[in-house]
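K.L.:
make a model of this:
(chains A and B)
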Amino acid sequence: MLNMSDIMETVTMIQEENLDIRTITMGISLTDCADGDIKASCTKVYDKICRKAENLVSTGESIEKKYGIPIVNKRISVTPIAQLAGASGGNPAEYAHTLDRAAKTVGVNFIGGYSALVHKGFSAGDRALIDSIPQALAETELVCSSVNIGSTRAGINMDAVKLMGHQIKRAAELTKDNQCIGAAKLVVFCNAVEDNPFMAGAFHGAGEADCVLSAGVSGPGVVRSVLSRMPDDAPLNEVAEAIKKTAFKITRMGQLVGSEAAEKLGVEFGIIDLSLAPTPAVGDSVAHILEEIGLQQCGAHGTTAALAMLNDAVKKGGVMASSSVGGLSGAFIPVSEDAGMIAAARSGALSIEKLEAMTAVCSVGLDMIVIPGDTEDAVISAIIADEAAIGMINSKTTAVRVIPAIGVPEGEELNFGGLLGYGPVMKLRKESPAKMINRGGRIPAPIQSLKN
Amino acid sequence: MAAKPLSRAVVTVIGKDNVGILAGVAAALAEAGASVIEVTQSVIEDFFCMVVIVNIDNLKCRLDEVQTGILKKCPGMEVHVMHENIFNSMHRI
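P.N.:
I've put the predicted structure just below:
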């Protein structure tokens, strides 16, 4: 039987604590669209996406109405386009335009998969795709791009790292009149996951079914609110327990919505991603959870420990709630998308070094960080290399999404609008890593890769 | 053959107390074809707070139209209509 306090708890979570389904993402395989002719290939891609995702948005909206829960984004991820570009040749940017058009036709917010997987080396299409990324992101609106440059199994492809430092800068330069938004749609991964429903890093991996639907839940506000009701002297194991229970409830809701959407659309249910994804809205911040645990401000000493506990507790609660957990599943710490992180970065409490340490214990990496516009390419590459090294050694996903603020003086901010948020330019170290980056080659696979 | 379990929804109405809220909600539910199973209602410090569980097997409109129907009769209240599955999945193991 339903009881009054359970009902009121759910209603409060949605109305006052910003609980929502952050995204339902349809993963569509495009391997059957590859053609020797790029025009024919693009036509097949457009047709398949429009056919499969025709009802994605309307189905999402009908579920929102049935359960009274917002589904903030409806998105699509596709097979890494480099694989199609390898078969068809031509300028891969044509695919980007095709994806953009298809996304607009079906009405989704973003489409991910303008991607290449080059953690061990470049195959046909990979280099051409990477070369075209800045242009593709500047000329399209909804396309997101990602490149995997390392893995625990393969080590780090430092040639690709060097290349990506340059491409991130160019992506920002080509969109400098539009808040450098190009770089905000580009992620560089180590150990990328094949079933991530969150942008900008979503793509549809080779091991996935033809068409699947995955869901990503959110709910930092709910977790924070639960913690704020606990006494100040509650021991941390009790805090972890409270987070775990909350994550369980949030995940169950995601599982319900995701599986119902998949059933209505007649596709397989993929995974539910348990990530605590913040937004710039007040009361929807991961940093504020850390502060609620007992830090004066996010970035203080102790932040890494608090985040490690939060991340682990979220996973434990989520795993119990769903049998198909996947994706990134943890706490996100995107600076510009999190009101508490923005405040900490502005006040100087949060530095890039602390963020780097935090990425060793949370779900992804250096995310949505605005860096000075005059940063050298090699420095960006070195940031990628550091982050990839953390991922490689710890067998976890790490990523870099930094936005060089071209033409923006220090002390000012970039504002991307909407969920991407806004953020101040963060200071980087001035010493040059250029000699190391210019060596290129590969960082060999670590000893952790020899598991067999 | 076992009887098909009822399909139910939970309606919550919260806001400043006033004359005729309950009547308005009940009328709107009747017009929508939602049959009331259980009502819990109280007024705490001027705030009207009601949870109604309804059977929606014979609903004459879409579920979200139940909400708009209630809002029309009780403007200014916070009204939420949700299918019961969401509570079952969040609060039951």
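
K.L.:
what parts of chain A come near chain B?
P.N.:
Residues of chain A found near chain B (Cβ under 8 Å from any Cβ of the partner chain) are A:2-4, A:6-11, A:14-15, A:65-69, A:249, A:252-253, A:255-256. In short, each C-beta sits where N, CA and C put it, glycine included.

K.L.:
out of these, list just those in strands.
P.N.:
Applying DSSP state E to these, no entry is found in strands.

K.L.:
of these, which belong to helices?
P.N.:
A:4, A:6-11, A:14-15, A:65-67, A:249, A:252-253, A:255-256 (DSSP state H).

K.L.:
buried residues, the helix or strand bottoming out on mean pLDDT in chain B. List them.
P.N.:
For chain B, counting by mean pLDDT, DSSP states H and E, helix B:85-91 ranks last in confidence among helices and strands (a mean of 86). Within helix B:85-91, the residues that qualify as buried are B:85-87, B:89-91, counting by 16 or more other Cβ atoms under 10 Å in any protein chain shown.

K.L.:
for residue B:48, grab phi and psi.
P.N.:
For residue B:48, the backbone dihedrals (degrees, to the nearest 10) come out as phi -80, psi 130.

K.L.:
give me the neighbour count for the residue lying closest to it once chain neighbours are set aside.
P.N.:
Among residues not flanking residue B:48 along the chain, residue B:17 sits closest, at 4.3 Å (Cβ to Cβ, 6 or more residues apart in numbering or on different chains). Neighbour count of residue B:17, defined by other Cβ atoms under 10 Å in any protein chain shown: 12.

K.L.:
just residue B:64 next, same as before
P.N.:
If we define neighbours as other Cβ under 10 Å, then residue B:64 has 15 of them.

K.L.:
kindly report the same for residue A:132.
P.N.:
By other Cβ under 10 Å, the residues close to residue A:132 number 23.

K.L.:
show me the contacts for it.
P.N.:
Contacts here follow Cβ atoms under 8 Å, 6 or more residues apart in numbering or on different chains; on that basis residue A:132 touches A:91-93, A:96.

K.L.:
ok, residues contacting stretch A:307-322?
P.N.:
With contact meaning Cβ under 8 Å, 6+ apart, stretch A:307-322 is reached by A:223, A:236, A:239-241, A:243-252, A:254-255, A:272, A:274-276, A:286, A:289-290, A:293, A:325, A:329-331, A:333, A:358, A:361-363.

K.L.:
please compute how far that stretch lies from its chain's middle.
P.N.:
Distance of stretch A:307-322 from the chain centroid (Cα atoms, centre = their mean, to the nearest Å) equals 18 Å.

K.L.:
pLDDT of that stretch, averaged?
P.N.:
Averaging pLDDT along stretch A:307-322 yields 91.

K.L.:
so for it, what gets flagged as buried?
P.N.:
For stretch A:307-322, using 16+ other Cβ under 10 Å, the buried residues are A:307, A:309-322.

K.L.:
now stretch A:210-229
P.N.:
Buried residues in stretch A:210-229 (16+ other Cβ under 10 Å): A:211-227.

K.L.:
got it, and stretch A:196-211?
P.N.:
Residues A:196-205, A:208, A:211 are the ones in stretch A:196-211 that count as buried (16+ other Cβ under 10 Å).

K.L.:
so which of the residues you listed are in strands?
P.N.:
residue A:211.

K.L.:
would you list the phi and psi of the spatially most central residue of chain B?
P.N.:
A centroid search over chain B (Cα atoms, centre = their mean) returns residue B:11, at 2.4 Å, as the residue closest to the centre. Per-residue torsions, residue B:11: phi -110, psi 130 (degrees, to the nearest 10).

K.L.:
show me where chain B has strands.
P.N.:
B:8-16, B:35-44, B:47-55, B:78-83.

K.L.:
turn these into TSV, including distance to residue A:433.
P.N.:
As requested, the strands of chain B are exported to TSV (distance: least, Cβ to Cβ, whole Å):
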stretch	distance to residue A:433
strand B:8-16	57
strand B:35-44	62
strand B:47-55	61
strand B:78-83	54
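
K.L.:
adding distance to residue A:153 and mean pLDDT, write those out as TSV.
P.N.:
Listed next are the strands of chain B as TSV, based on distance: least, Cβ to Cβ, whole Å; pLDDT from 0 to 100:
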stretch	distance to residue A:153	mean pLDDT
strand B:8-16	49	91
strand B:35-44	56	90
strand B:47-55	53	91
strand B:78-83	44	90
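
K.L.:
off-centre distance for stretch A:179-197?
P.N.:
Relative to the centre of its chain, stretch A:179-197 is centred 6 Å away, using Cα atoms, centre = their mean.

K.L.:
and stretch A:438-449, by the same measure?
P.N.:
With Cα atoms, centre = their mean, you get 25 Å for stretch A:438-449.

K.L.:
tell me who's in contact with the residue in the stretch 101-250 of chain A that chain B sits nearest to.
P.N.:
Closest contact between the stretch 101-250 of chain A and chain B, by Cβ to the nearest Cβ, is at residue A:249 (4.5 Å). Each residue near residue A:249 by Cβ under 8 Å, 6+ apart is listed here: A:13, A:321, B:90-91.

K.L.:
give me the nearest residue to residue 54, chain neighbours excluded.
P.N.:
Assuming you mean chain A. With Cβ to Cβ, 6+ apart as the criterion, residue A:54 has its nearest non-adjacent residue at 6.3 Å, and that residue is residue A:106.

K.L.:
please go with chain B instead
P.N.:
residue B:34 (4.0 Å).

K.L.:
surely the one you found meets residue B:9?
P.N.:
Yes: with contacts counted by Cβ atoms under 8 Å, residue B:34 reaches residue B:9, the gap being 7.1 Å.

K.L.:
tell me, what's touching the two both at once?
P.N.:
Contacts common to residue B:34 and residue B:9, judged by Cβ under 8 Å, 6+ apart, are B:54, B:56, B:66.

K.L.:
the last one: neighbouring residues, count only.
P.N.:
The reference is to residue B:66. Neighbourhood size, residue B:66 [other Cβ under 10 Å]: 24.

K.L.:
would you mind listing what in chain B touches chain A?
P.N.:
Counting by Cβ under 8 Å from any Cβ, chain B comes close to chain A at B:10, B:12, B:40, B:51, B:53, B:62-64, B:67, B:78, B:80-91.

K.L.:
buried ones among the ones in helices among the residues of chain A next to chain B?
P.N.:
Looks like these have A:6-7, A:9-11, A:14, A:65-67, A:249, A:252-253, A:255-256 buried, using 16+ other Cβ under 10 Å.

K.L.:
ok, the residue nearest to residue B:33 when sequence neighbours are not counted to residue B:34 distance?
P.N.:
Spatial nearest neighbour of residue B:33, chain neighbours left out: residue B:60 (3.9 Å); criterion: Cβ to Cβ, 6+ apart. As judged by Cβ to Cβ, to the nearest Å, residue B:60 and residue B:34 stand 9 Å apart.
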